[in-house]
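Student: following is a predicted model, sequence given first.
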Amino acid sequence: MNQQPRFLVETALLTHGLPSVSDDKLVQTFDCTNPTFAWIDQGRLVLGNIEQFVPFRSRAMEPLRIDHVHFNQALYDGLSGALTASGTMAACAASDITVAVSCGIGGIMGEDICSDLPALSDLPCALIATSPKDMMEIDKTIGYLTGNCVNVLGYRNNKCNGFLFVNPQPAEISSFTGNTLSSHTLLMAAIPEQLRLADHSLLDAAITAGVKQKQNGGYFHPAVNAALDILSAGISSRLQLDALHFNIKLAAELT
């Protein structure tokens with residue numbers, strides 16, 4: 001790319017998480033905003049627009065999901081894969097870019113701590129996202145971040161109460177009042193509650209599908225997204241696509 005991008009957008013969701021969203025729909029959604037996406041292709045970090053990314057998405061039926069822990073090794077080993085939120089933060093750090101953009105991010109689930117959390121405290125960039133995903137323990141997730149010197153903020157909101165569903169036990173956070181982002185900051189722009197999915201049994205069924213997939217050696221979150229996509233007749237994918245698009249527009253305003 002000829003000009004240094006101001007922020008990078010994750011590609012794991014677009015590669016693995018939106019099964020009913022076509023390549024043409026992605027191009028239509030992101031063509032006007034023209035953000036820069038980040039992925040790894042045969043050991044090379046690629047920063048490109050949506051039209052450059054779509055061919056990778058189309059041929060990447062069994063791609064890796066690369067986080068910040070495995071980022072450098074993937075480059076060294078010549079691997080190909082989409083970048084998660086933390087992987088995108090690693091790409092930002094490697095490219096002297098200060099803001100990464102995601103949608104739903106990981107958190108704490110039982111004994112598991114998603115790599116998105118330590119990346120926020122370890123890497124010198126900010127992350128704009130929507131929320132920790134619905135199966136995550138919100139209080140523990142927010143507590144981990146604030147306890148590790150991450151500034152957790154809500155965009156026009158002072159609570160975190162779920163991603164695609166409304167969590168009845170929200171976590172209190174600070175409301176964003178500035179116009180720029182500093183490193184080690186998580187800024188969350190929630191999906192409006194009235195647009196979210198109401199039937200929590202869909203989430204339970206999707207989590208069951210994700211657990212089964214993980215037990216069989218696959219990826220948990222893509223299986224959850226695939227199940228939700230089917231169970232909601234594509235609404236879950238449209239919500240996530242719209243949320244990512246909003247986060248991109250927000251990043252453009254703040255960088």
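Tutor: Structure's in. What do you need? Given the structure is predicted, the values throughout are model-derived calculations rather than measurements.
Student: how about the strands of the stretch 101-250 of the chain, start to end?
Tutor: With DSSP state E, counting those that start in this stretch as the criterion, the stretch 101-250 of the chain has strands at 104-105, 108-109, 112-113, 126-129, 131-132, 151-154, 159-160, 171-172, 174-175, 185-188.
Student: could you list the low-pLDDT ranges of the chain?
Tutor: Low-confidence segments of the chain, defined by pLDDT under 70, span residues 1-2, 60-63.
Student: and with 90 instead?
Tutor: By pLDDT under 90, the weakly predicted segments of the chain are 1-4, 16, 31-34, 58-64, 178-180, 210, 213-214, 216-222.
Student: residues contacting residue 242?
Tutor: residue 191 (Cβ atoms under 8 Å, 6 or more residues apart in numbering). All C-beta atoms are positioned from the backbone trio N, CA, C, and that covers glycine.
Student: for the strands of the stretch 101-250 of the chain, give me CSV that also has distance to residue 42 and mean neighbour count.
Tutor: As requested, those are exported to CSV (distance: least, Cβ to Cβ, whole Å; neighbours: other Cβ atoms under 10 Å):
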stretch, distance to residue 42, mean neighbour count
strand 104-105, 27, 26
strand 108-109, 32, 18
strand 112-113, 30, 12
strand 126-129, 27, 27
strand 131-132, 32, 28
strand 151-154, 36, 20
strand 159-160, 38, 20
strand 171-172, 41, 16
strand 174-175, 42, 12
strand 185-188, 31, 24
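Student: next, count neighbours for residue 41.
Tutor: Applying the criterion other Cβ atoms under 10 Å, we find 18 residues in the vicinity of residue 41.
Student: actually residue 209, sorry about that
Tutor: Other residues within reach of residue 209 by the criterion other Cβ under 10 Å amount to 18.
Student: which among the strands of the stretch 101-250 of the chain is found nearest to residue 88?
Tutor: Nearest to residue 88, of all these, is strand 126-129, at 8.2 Å by Cβ to Cβ.
Student: what packs against that closest one?
Tutor: The elements that strand 126-129 packs onto, with contact taken as 3 or more Cβ pairs under 8 Å, 6 or more residues apart in numbering; DSSP states H and E, are helix 85-95, strand 99-101, strand 104-105, helix 116-122, strand 185-188, helix 235-254.
Student: show me the helices in the stretch 1-150 of the chain, by range?
Tutor: Residue ranges of the helices in the stretch 1-150 of the chain, as given by DSSP state H, counting those that start in this stretch, are 12, 23-30, 50-59, 71-77, 85-95, 116-122, 138-147.
Student: export the helices and strands packed on strand 126-129 to TSV and tack on distance to residue 41?
Tutor: What follows is the helices and strands packed on strand 126-129, written out as TSV (distance: least, Cβ to Cβ, whole Å):
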stretch	distance to residue 41
helix 85-95	12
strand 99-101	19
strand 104-105	23
helix 116-122	21
strand 185-188	28
helix 235-254	21
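Student: hmm, back to that, redo the helices of the stretch 1-150 of the chain as JSON lines? Include mean neighbour count and distance to residue 110.
Tutor: As requested, these are exported to JSON lines (neighbours: other Cβ atoms under 10 Å; distance: least, Cβ to Cβ, whole Å):
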{"stretch": "helix 12", "mean neighbour count": "26", "distance to residue 110": "21"}
{"stretch": "helix 23-30", "mean neighbour count": "15", "distance to residue 110": "33"}
{"stretch": "helix 50-59", "mean neighbour count": "17", "distance to residue 110": "31"}
{"stretch": "helix 71-77", "mean neighbour count": "15", "distance to residue 110": "25"}
{"stretch": "helix 85-95", "mean neighbour count": "26", "distance to residue 110": "19"}
{"stretch": "helix 116-122", "mean neighbour count": "23", "distance to residue 110": "14"}
{"stretch": "helix 138-147", "mean neighbour count": "19", "distance to residue 110": "10"}
